[in-house]
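1. need a structure here:
(2 chains)
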Amino acid sequence: MSDPTTTRTEPFAFVRDLASRWDIIAIVVVIGVLTFFAEASRGLLAPMSKITGETLSLDPVHLPVYAARTTLRMFTALVVSLLFTFTYATWAAKSARAEKLLVPLLDILQSVPILGFLSITLVFFMSLVPGRVLGAEFAAVFVIFTSQAWNMAFSFYQSLRTLPDELCDACGSFRLTPWMRFWQLEVPFAMPALLWNMMMSMSGSWFFVVASEAFTVGKTNVMLPGIGSYIAVANAQGNLRAIGWAILTMLIVILLYDQLIFRPLVVWSDRFKVDQELGGRSPRSWALTMMQHSRIVAAMRTLFFAAVRWTGRWAPRPQALISLARAGTARSTDMIWFSVLVLLVGLALWRIATTLIGETSLPEAIEVCELAAITMIRVVILIALASLLWVPIGIWVGLRPRATQIVQPVAQFLAAFPANLLFPLAVFGIVSGKLNPDIWLSPLMILGTQWYILFNVIAGASAMPQELRYASQNFGISGWLWWRKVALPGVLPYYVTGAITASGGSWNAAIVAELVSWRDVEVKAHGIGAYIDQATTAGDFHRIILGITTMSLFVVAINRAFWRPLYYYAERKFRLT
Amino acid sequence: MNSVMSHPAEALLSVENVRKAFPKPDGSDLLVLEGVNLRLEAGQIVGLLGRSGSGKSTLLRLIAGLADPSSGSLSFHGHPIHGPAAGIAMVFQSFALFPWMTVFENVALGLEAQRMPKGEIRKRSLAAIDLIGLDGFESAYPRELSGGMRQRVGFARALVVHPDILLMDEPFSALDVLTAETLRTDFLDLWSEGRAPIKGVILVTHNIEEAVLMCDRILVFGSNPGRILSEINVTLPQPRKRLDPSFRELVERIYVEMTSRRKGGPGTGADAAAGNRAERFPGLGIGSVLPRVSSNLLSGLIETVAAPPFNGTADLPKIASDLQMEIDELFPVAETLQLMRFAEVERGDIKLTEAGMAFANLALDERKRLFARHLLTYVPLAAHIRRVLDERASHAARKSRFIDELEDFMGEDDAEQTLRAIISLARYGEVFAYNDENASFSLENPV
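-> Down below sits the predicted model:
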């Protein structure tokens, strides 16, 4: 392999053989991460009393540890979400019978305002490990999980349903076991979309971190060490400097996991795109380069894939024909399955109805509907205003590649930024300016979600075929005609996707945005969000259920009656590629 | 087992009386394959030749164990086939490579599934890569390769498992002409020199010349339902030359075979005859599946055949090579012309009718009028839709109404395709209008 005439003796060649310069960086990073998590997982088994008092310090020295614990919670939730995704979505995709129940259920879970369920689930998880911090940790992780899992599962399900036929046939004819097929075909095929959704989920869950770490259940006041609790305490004390520190820490954490985890993954997952053409610049990541050049990481990777192969060998091989097409279901079994479903749904309805009828009155139910209508008007107006602002800007930016490169990551970061951090400032403004909270609290609902409109429109505008733009220039189409006939139809499918996300997020945000406090000042707007928030603080389960049910009905109804038809219409008529 | 191996006449594969039907939404069955018998003996390449929809790919999937027949039996080395068998490997039309695996990993996958020791996998994969001429490309990803190289990976992946039978599903049809020819020649070299570890080959194709070039035996498939029309033994010695008179003669013979009028085939005798009686016998004749054909191609073919050197009558193989069209593209056009009585297709020739010759010499508006007249007279479905629209006061009807009617005769996809074909023809002839937005037919033309 080596020609003696060209081989030079290098000093310290053995060191270079032992570890490349990438290895040294890799070691530092790996040890750093381990320390970080070890630190973060300390104190999980401590008794509850340690975290209920005023033990949380606003001294920024503690922020790294708080950040570690918060990050650990988020990643634990992400792992749980992945497990959920792999099981739930796979089941839904493989069994026609399960699909009938699981997919609509997922759709509902996705559009229901989960913040409202917080207090109900908390009690359950706290009771699992009574008196220990671990119970509260479970509860927090669960809340974060509920903000991450649904869209991931949906994306995986959709990927499984769109597997290329020939690849499935190839798996069949080369006799891969279902287990191998899962890891060699299904997961890789779904990876790019799943990864994108994992990033969205991580961004989205920051919003819930703040809510999940500091909460009150009845008389117990829980403050899990973390950035969320730090912010809650800072809010309660009105410490603006502390909030500044918290925001800075959050920025650093987001930057770190983006650079160390998601960017490498995105670059790496580029190879899983089935669209088999070279060309275009592939994305880059220094962290991935590091991992690819490091022998230690390479060794770990080899180990991992050996493990995958080993489980592939160990997995049982079915004796008979693996039915690749989903088996046709027998009608009689279908009937039984269907009747069981109807029975369960009926039972659930009856439970909800009796609970509500027993404890709440009809006038109250009507009042809740009115409140929901008020919130709905708010959401509609806000989405319309945000669209008026961001669609033209998004198109302008999207048509200019250089501007896109700058604006797109910023918009994505802003979407990740938990807008609830800025709420205290709004209260400050409203109180000092004596403004009407019904109007001025509203923008908070869309503060964090408007960015989805912006970055989807940017994506749409930059995906517009160059030739189409040349053609419209060639025919002298400009001004209003250009917006009406070229630009707006071109981005419509993307805009609708963004607007659906923004609208869903705004409903959720209503629960925290319609009732905001800063020190001891409380500002409240009329709306179902404030209603649910009040019921939660009071621990009034019947009102929570009434509020949540009403809100869910509104959200689901709006999705079915408006967003979904609009989405299909836009996809069918205006999809350019 | 021993006696099986020693017996020379033992078939590698035998398919007996196989029938395959898919359930339709209304509960009845859609028959795609009926009464198929096939024997593959060691040392043979058998071609399954037919148009799309003739069930040849379905048969290949049955042999590969990717689906079960509705009735009949398939056996490999005398053992019934239930699920993918170890000794049968497949090469796919669009390669079906895993884009996230390197060439080596793609090739090794089949061995991996057999749980072979790692060293053995490596040795055999490299040998297969070497055999197929992919040396040096082991670490490349499929996206870095050209179509031809990708299909070589497809071949290596199939050969590495040392299959007795190699199934090929139109393996060269996604490649350009030159690449396809190179790959065919390379494969035939491997095969005739006995370097490929295979005993028999089944090749699905819709390319007549490819079948004659490669196969020892050709089974010609017909549609509705898919079945074997005839069997042709090719005794020409290898390597075969396309320009050889006996080669041309055989190609011509298969063209004749595939275009001869048969009862029940789409667009042929029975249906066309039913055409002008459609008014008197409602429902009769609307049940045939129509291919989607561009009106450009229809007028283009008429003009080509009408012009010198053909002057109204052309040899289909000649037209096919002149226009660089595969039979899968050419036949639907020719048959639509035949259905509309602009041409006669028989014995491998296409001959324009008087109307066809007239059409070639008319200006656009008059062409359209002639086209409309023929469409309403000879295509029962067009006449049917027009009549429904005429009878209604609103002069409008929803698409789903006709889809439902068609689904009494054919599957969901075929119904959609047939209606799309009619819409395209009717638009050209301005017989009625269709609005995709609300999926409805009407008599008014949009301004």
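
2. from here on, contacts and neighbour counts on C-alpha atoms
-> OK.

3. how much space is there between the nearest residue to residue B:41 once chain neighbours are set aside and residue A:396?
-> In space, and not counting its chain neighbours, residue B:41 is closest to residue B:11: 4.7 Å by C-alpha to C-alpha, 6 or more residues apart in numbering or on different chains. Note on residue B:11: its distance to residue A:396, by C-alpha to C-alpha, to the nearest Å, is 69 Å.

4. pLDDT on stretch B:254-272, on average?
-> On average, the pLDDT along stretch B:254-272 is 55.

5. burial count for the residue in the stretch 451-577 of chain A that chain B sits nearest to?
-> In the stretch 451-577 of chain A, the residue found nearest to chain B is residue A:573; the distance is 8.4 Å by C-alpha to the nearest C-alpha. Residue A:573 has 14 neighbours, counted by other C-alpha atoms under 10 Å in any protein chain shown.

6. elements contacting the helix or strand where it lies?
-> Taking DSSP states H and E as the criterion, residue A:573 maps to helix A:564-574. Using 3 or more C-alpha pairs under 8 Å, 6 or more residues apart in numbering or on different chains; DSSP states H and E, the elements in contact with helix A:564-574 are helix A:488-513.

7. now for the helix it packs on, which elements pack on it?
-> Using 3+ C-alpha pairs under 8 Å, 6+ apart: helix A:488-513 touches helix A:362-398, helix A:442-447, helix A:450-462, helix A:528-538, helix A:564-574.

8. in chain A, what secondary structure element scores lowest on mean pLDDT?
-> helix A:13-18 (a mean of 48; mean pLDDT, DSSP states H and E).

9. got phi/psi on the residue nearest to the spatial centre of chain A?
-> Residue closest to the average C-alpha location in chain A (C-alpha atoms, centre = their mean): residue A:201, at 1.5 Å. According to degrees, to the nearest 10, the main-chain angles of residue A:201 amount to phi -60, psi -40.

10. quick one, what contacts it?
-> A:147, A:148, A:149, A:151, A:152 (C-alpha atoms under 8 Å, 6 or more residues apart in numbering or on different chains).

11. now the buried members of these.
-> A:147, A:148, A:149, A:151, A:152 (16 or more other C-alpha atoms under 10 Å in any protein chain shown).

12. possible to save those residues as CSV with pLDDT, distance to chain B and secondary structure?
-> Converted to CSV, those look like this (pLDDT from 0 to 100; distance: C-alpha to the nearest C-alpha, whole Å; DSSP: H, G, I helix; E, B strand; the rest coil):
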residue, pLDDT, distance to chain B, secondary structure
A:147, 83, 30, helix
A:148, 86, 27, helix
A:149, 88, 26, helix
A:151, 83, 24, helix
A:152, 87, 21, helix
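
13. could I have the CA atoms of stretch B:395-403 written out in PDB?
-> Output of stretch B:395-403 as PDB, limited to C-alpha atoms (Å, rounded to 0.1, in the frame of the first residue of the first chain):
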ATOM      1  CA  HIS B 395     -77.100  19.900 -20.000                       C
ATOM      2  CA  ALA B 396     -74.700  19.000 -17.200                       C
ATOM      3  CA  ALA B 397     -73.800  15.700 -15.400                       C
ATOM      4  CA  ARG B 398     -71.300  14.800 -12.700                       C
ATOM      5  CA  LYS B 399     -68.300  12.600 -13.500                       C
ATOM      6  CA  SER B 400     -69.000  10.200 -10.700                       C
ATOM      7  CA  ARG B 401     -72.200   9.200 -12.400                       C
ATOM      8  CA  PHE B 402     -70.300   7.700 -15.400                       C
ATOM      9  CA  ILE B 403     -67.500   6.400 -13.200                       C
END
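
14. number of residues surrounding the residue of the stretch 51-200 of chain B found nearest chain A?
-> Closest approach between the stretch 51-200 of chain B and chain A, counting by C-alpha to the nearest C-alpha: residue B:83, at 4.0 Å. Using other C-alpha under 10 Å, residue B:83 has 21 other residues around it.

15. mind listing what the closest residue to residue B:442 other than its chain neighbours touches?
-> Excluding the flanking residues, the one nearest residue B:442 by C-alpha to C-alpha, 6+ apart is residue B:396, at 4.2 Å. Contacts for residue B:396 (C-alpha under 8 Å, 6+ apart) come out as B:389, B:440, B:441, B:442, B:443.

16. now the helix or strand where residue A:101 lies against helix A:488-513, angle please.
-> Per DSSP H and E: residue A:101 is located in helix A:96-111. Here the directions of helix A:96-111 and helix A:488-513 differ by 70 degrees (axes from the mean of the first three to the mean of the last three C-alpha atoms, to 10 degrees).

17. got the contact list for helix A:96-111?
-> So helix A:96-111 is contacted by A:88, A:91-93, A:150-151, A:154, A:326-327, A:329, A:334, A:337, A:504, A:552, A:555-556 (C-alpha under 8 Å, 6+ apart).

18. for whatever helix or strand comes next after that helix, list every residue counted as buried.
-> Using DSSP H and E, the helix or strand that directly follows helix A:96-111 along the chain is helix A:118-128. Residues of helix A:118-128 classed as buried by neighbour count (16+ other C-alpha under 10 Å): A:118, A:119, A:122, A:125, A:126.

19. surely the first one and residue A:142 touch.
-> Translated: residue A:118. No: counting by C-alpha atoms under 8 Å, residue A:118 does not reach residue A:142; the two are 9.2 Å apart.

20. the residue of the stretch 51-200 of chain B closest to chain A in helix, strand or coil?
-> Secondary structure state of residue B:83, per DSSP: H, G, I helix; E, B strand; the rest coil, is coil.

21. same check on residue A:57?
-> Residue A:57 - assigned by three-state DSSP - is coil.
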